[in-house]
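Student: how would this look folded up:
(2 chains)
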Amino acid sequence: MKGDSRTLSGERRRKTILSIVLTVICIIWVLPVLAVVINSFKVNTFVKTATFALPLGEMWASFSNFVTGITLGNYNFWQAAFYSLFITVISTALILLFCSMAAWYIARVNSLFCRIVYFVCVFSMVVPFQMVMFTLSKTADTLKLNTPWTIPIIYLGFGAGLAVFMFTGFVKSIPLEIEEAAVIDGCNPVKTYFTVVLPMLKPTLISVGVLEIMWVWNDYLLPYLVLDRTQYMTIPILIQFLKGSYGTVDLGATMALILLSIIPVIIFYLICQKHIIKGVAAGAVKG
Amino acid sequence: MKKKRSSASVSSNLIIRPIRRYCWLFLLPVVAAFAIGFVWPFIHGIYLSICKFTTTSDAKVIGFGNYLKALSDPTFLHSFWYTALFAVVSLVLINILAFAAAYLLTQNIRGTNIFRTVFFMPNLIGGIVLGYIWSMIFDGILMHFGTSIVLDSGLGFWGLIILMLWQQIGYMMIIYIAGLQAVPEDIIEASKIDGASKMQTLFRVTIPNVMPSITICTFLSLTNGFKLFDQNLALTGGNPIISTIENGVFTQIKSTEMLALNIYNTFYGQGSTARGTAQAKAVLFFILVAVIGIIQLRATRNKEVQQ
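Tutor: Below is the predicted model of the structure:
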């Protein structure tokens, strides 16, 4: 009995120590983000010389970095934020809707053509973007897909691989009887799909949605090469542009913009944390 | 009609026939976008790799000259070895640390959810932004030693490793946690009753049981390492540049430039005459990544059979 209680308290002590160690690592983990916060309120000249000092006294810049940052490089930050948001939302919506529809068709009809489409989708997942970037940007130019309003079509095409793959895997696990019942009740395929199949796909819709949102929102090279850069920039393009041409000049303002661009991401993460982690795990295991 | 009966056993004709009539609605949008966004650029890319061109309309077939040029380009070879080294080092470190974190977080420690949330958070920040956050931090430290992340290729290498650890550990940790939670409690109990120490249980029971997760994570970090672009561009941009004169040939090598960035710079940084070479490099890069992907598929399948 005595030995038992000793190992128990030893176990508890071990866990407390582990908790403390993990807490310390956690604090280290958020330091880079804190550094961004600190420096976005710091007078520019001190960002390089006193990166880790708190912005107190003469270093305190208040919100001036944000004010200069928003119009830095003669490009309005909110405009870039709007394009980023628009492209992300529309692309994700298109991918979710059309790829789940295609996946249902592929899984149910299963003709030779379907199998070819499916195979090419899986194949596209191993192709790195550099392989197609030059020809893709030329194709987009020719077809006038180089605006934020039309680039979602490119995302639908380039993102179809993973989405179709994940949706098809899930549709195959749905028993056919439910759809048969709907058809017998007089539903046409469109109605069957939207009232019966789509609701059942909800977990996969969330997983795929999370993956696509994270991809499109953070994507740099595809929109950089496809969009007409003189008119349209997304947040990553704007930040790269500013850092390349203005970054050494006004690091404080760049940090302010970086802070503005990660705040919505972190809020999104904290709200949908459970879904995000689940979605990422599902995507990784399958892809 | 008779041939179709085999497929009818998979899914009933009752469903298939009406769906087929809606092919244009269900399949066409994705197939059309996929053709524009992937299939055509891919085929066109393969074709252009054997052409001399400055833009897509003036392409002339010249055979495999581009490939020879690509393979004899010292910057390409340098970036290949640099990328391979980077991928292997980051693979080992990411997986060991991510597994350790996952192992600790499945021990019923208080605050597990908060730790998991924090470790995963960097994943949501895009590569470009990540690169600039870390370049500010590294330069803030290195300034006191009179150097910078873009001045020393060794620092550039380890800086990128640190960045990738920060970003990827949380991601791999999630996959490992899922794997660890799937290990049946009773076999761990059984090994305890048989008198196995904690270490023995970990190495003889737990790790063999999470092999599928280990395979997935290993390959994920390997392909991530090979395909890395944004972080590389934002953190060092390939700098510092090292100039050498060998046999009277003057070459400039961007010492921290990885494969994807090298291809990008060949396309857009060296004038339009190098584009054929760049496309050939891209095809070689694709083959490399695809081979890793196929080996991965094989490996995961074999593991599934064993399970």
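Student: what's the neighbour count on residue B:227?
Tutor: Residue B:227 has 19 neighbours, counted by other CB atoms under 10 Å in any protein chain shown. C-betas here are computed from N, CA, C, even on glycine.
Student: show me what contacts the nearest residue to it once chain neighbours are set aside?
Tutor: Sequence neighbours aside, residue A:128 is the residue nearest to residue B:227 in space, at 5.2 Å (criterion: CB to CB, 6 or more residues apart in numbering or on different chains). Each residue near residue A:128 by CB atoms under 8 Å, 6 or more residues apart in numbering or on different chains is listed here: B:226-227, B:260, B:282, B:285-286, B:289.
Student: what comes up buried for the helix or strand hosting residue B:290?
Tutor: Here residue B:290 sits within helix B:275-306, counting by DSSP states H and E. For helix B:275-306, a neighbour-count test (16 or more other CB atoms under 10 Å in any protein chain shown) marks B:275-286, B:288-290, B:292-293, B:296, B:299 as buried.
Student: neighbours of residue 264, just the number please.
Tutor: Looking at chain A here, since you left the chain open. Residues near residue A:264, counting by other CB under 10 Å: 14.
Student: wrong one, I was asking about chain B
Tutor: 25.
Student: measure it to residue B:45 for me?
Tutor: In this view, residue B:264 and residue B:45 are 14 Å apart by CB to CB, to the nearest Å.
Student: give me every residue that touches the residue of the stretch 51-200 of chain A found nearest chain B.
Tutor: The nearest approach of the stretch 51-200 of chain A to chain B comes at residue A:157, 2.0 Å away (CB to the nearest CB). By CB under 8 Å, 6+ apart, residue A:157 lies in contact with B:33-38.
Student: among those residues, who's most crowded?
Tutor: residue B:37 (27 neighbours).
Student: three-state assignment of that one?
Tutor: Of the three states, residue B:37 takes helix under DSSP: H, G, I helix; E, B strand; the rest coil.
Student: now it. Nearest residue, chain neighbours left out?
Tutor: residue A:157 (2.0 Å).
Student: same check on residue A:15?
Tutor: The shortest distance from residue A:15 to any non-neighbouring residue, by CB to CB, 6+ apart, is to residue B:109 (5.4 Å).
Student: isn't the one you found up against residue A:18?
Tutor: Yes: Residue B:109 lies in contact with residue A:18 (CB atoms under 8 Å); the separation is 5.4 Å.
Student: report the closest residue of the stretch 201-307 of chain B relative to chain A.
Tutor: residue B:293 (3.7 Å).
Student: residue contacts, residue B:222?
Tutor: Taking CB under 8 Å, 6+ apart as the definition, contacts of residue B:222 comprise B:87-88, B:91, B:292.
Student: check what pLDDT it gets.
Tutor: The score at residue B:222 is 90. That number is its pLDDT.
Student: how about low-confidence regions in chain B?
Tutor: Low-confidence segments of chain B (pLDDT under 70): B:1-12, B:301-307.
Student: show me what contacts the residue nearest the centre of it?
Tutor: For chain B, the residue nearest the mean C-alpha position is residue B:224 (1.7 Å; CA atoms, centre = their mean). Residues in contact with residue B:224 (CB under 8 Å, 6+ apart) are B:90, B:164, B:168.
Student: and those, which is closest to chain A?
Tutor: Within the contacts of residue B:224, proximity to chain A (CB to the nearest CB) peaks at residue B:168, which comes in at 11.3 Å.
Student: quick one: the closest residue to that closest one other than its chain neighbours and residue B:167, what's the gap?
Tutor: For residue B:168, ignoring the flanking residues on the chain, the nearest one in space by CB to CB, 6+ apart is residue B:94 at 5.0 Å. Per CB to CB, residue B:94 is found 9 Å from residue B:167.
Student: one more: residue A:227?
Tutor: Applying CB to CB, one obtains 25 Å for the distance of residue A:227 from residue B:167.
Student: between the two, who's got more neighbours?
Tutor: The residue with more neighbours, out of residue A:227 and residue B:167 and counting by other CB under 10 Å, is residue A:227; that gives 24 against 20.
Student: does residue A:97 lie in a helix or a strand, and which?
Tutor: helix A:77-109.
Student: give me the domain ranges for chain B.
Tutor: Domain assignment for chain B by automatic domain parsing gives B:2-48, B:71-237+B:286-306.
Student: in chain A, where is pLDDT below threshold?
Tutor: For chain A (pLDDT under 70), the answer is A:1-8, A:246-249, A:284-287.
Student: residue nearest the middle of it, spatially speaking?
Tutor: So for chain A, CA atoms, centre = their mean, it's residue A:214, sitting 0.6 Å from the centre.
Student: helix or strand: which one has residue B:250?
Tutor: Counting by DSSP H and E, residue B:250 is part of strand B:249-254.
Student: now do the helices in the stretch 51-200 of chain A.
Tutor: Assignment of helices within the stretch 51-200 of chain A using DSSP state H, counting those that start in this stretch yields the ranges A:64-70, A:77-109, A:112-124, A:129-142, A:151-172, A:176-184, A:189-192, A:198-200.
Student: what's near enough to touch whichever residue of chain B sits closest to chain A?
Tutor: Proximity to chain A, evaluated over chain B using CB to the nearest CB, is greatest for residue B:37 at 2.0 Å. Contact analysis of residue B:37 by CB under 8 Å, 6+ apart lists A:136, A:153-158, A:160.
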